[in-house]
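# need a 3D model of the sequence below.
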Amino acid sequence: MSVRIRKAVKADCPQMIALVKELAAFERAPHEVTITLEHFTESGFGANPVWWAFVAEDDSGRIVGMALYYIRFSTWKGQRLYLEDIIVTQDMRGKGIGKQLFERCIQEAKARGLSGMTWQVLDWNEPAIRFYEKYGARISSEWLTCQLDW
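So this is what the prediction gives:
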């Protein structure tokens with residue numbers, strides 16, 4: 001079975017949300033996903049998109065992976081690609097799909113003239129940490145994530 005990486009389109013959003021929910025369950029936080037399909041879709045394909053994505057599609061048209069990103073600004077580095085999520089469905093892990101998605105994001109960041117990429121990884125996700133280290137990523141233990149929810 002082959003997989004192709006392409007830019008996400010609006011019709012992909014229901015399958016993308018399913019992948020987000022699968023990731024949340026893997027990360028032990030399924031209750032944290034509160035976004036609606038409508039909000040997700042509007043945020044990516046409405047009048048003022050705030051995110052973009054690549055999807056991995058198999059021969060049957062099933063979305064088996066995705067990399068969702070947006071552009072953030074660093075006062076130290078300038079514009080950077082922020083990789084919000086890279087997800088590969090459980091039955092397709094270990095087949096190089098995550099690598100293809102990650103490398104497509106690197107290509108996109110370079111094509112846009114961005115200064116680099118930033119993302120987060122859970123400290124217990126050793127396979128992901130090893131994956132990122134293969135690319136020479138610096139994993140910071142100094143910075144903590146802060147959030148406000150309402």
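
# what helices or strands is whichever strand or helix holds residue 23 leaning on?
Element membership for residue 23 (DSSP states H and E) is helix 13-26. Judged by 3 or more Cβ pairs under 8 Å, 6 or more residues apart in numbering; DSSP states H and E, the packing partners of helix 13-26 are helix 37-45, strand 52-58, strand 63-74, strand 78-88. To be clear about C-beta, it is placed using only N, CA and C from the backbone, and glycine gets the same treatment.

# can you name the residues in contact with that helix?
Contacts to helix 13-26, defined as Cβ atoms under 8 Å, 6 or more residues apart in numbering, come from residues 8, 30, 32-33, 35, 37, 40-41, 44-45, 53, 55, 62-63, 65-66, 68, 85, 87, 89-90.

# whichever of those end up buried, select them in ChimeraX.
Here is the ChimeraX command that selects the buried residues among these (16 or more other Cβ atoms under 10 Å):
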select :8,40,41,44,45,53,55,63,65,66,68,85,87,89
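
# spatially central residue for the protein, please.
By Cα atoms, centre = their mean, the chain has its centre lying nearest to residue 85, at 2.4 Å.

# quick one: contacts for it?
Applying Cβ under 8 Å, 6+ apart, the residues contacting residue 85 are 20, 23, 66-68.

# identify the bridge partners of residue 79.
On the basis of DSSP bridges, residue 79 is bridged to residue 73.

# and it, how close does it get to residue 52?
Going from residue 79 to residue 52 by Cβ to Cβ, to the nearest Å gives 14 Å.
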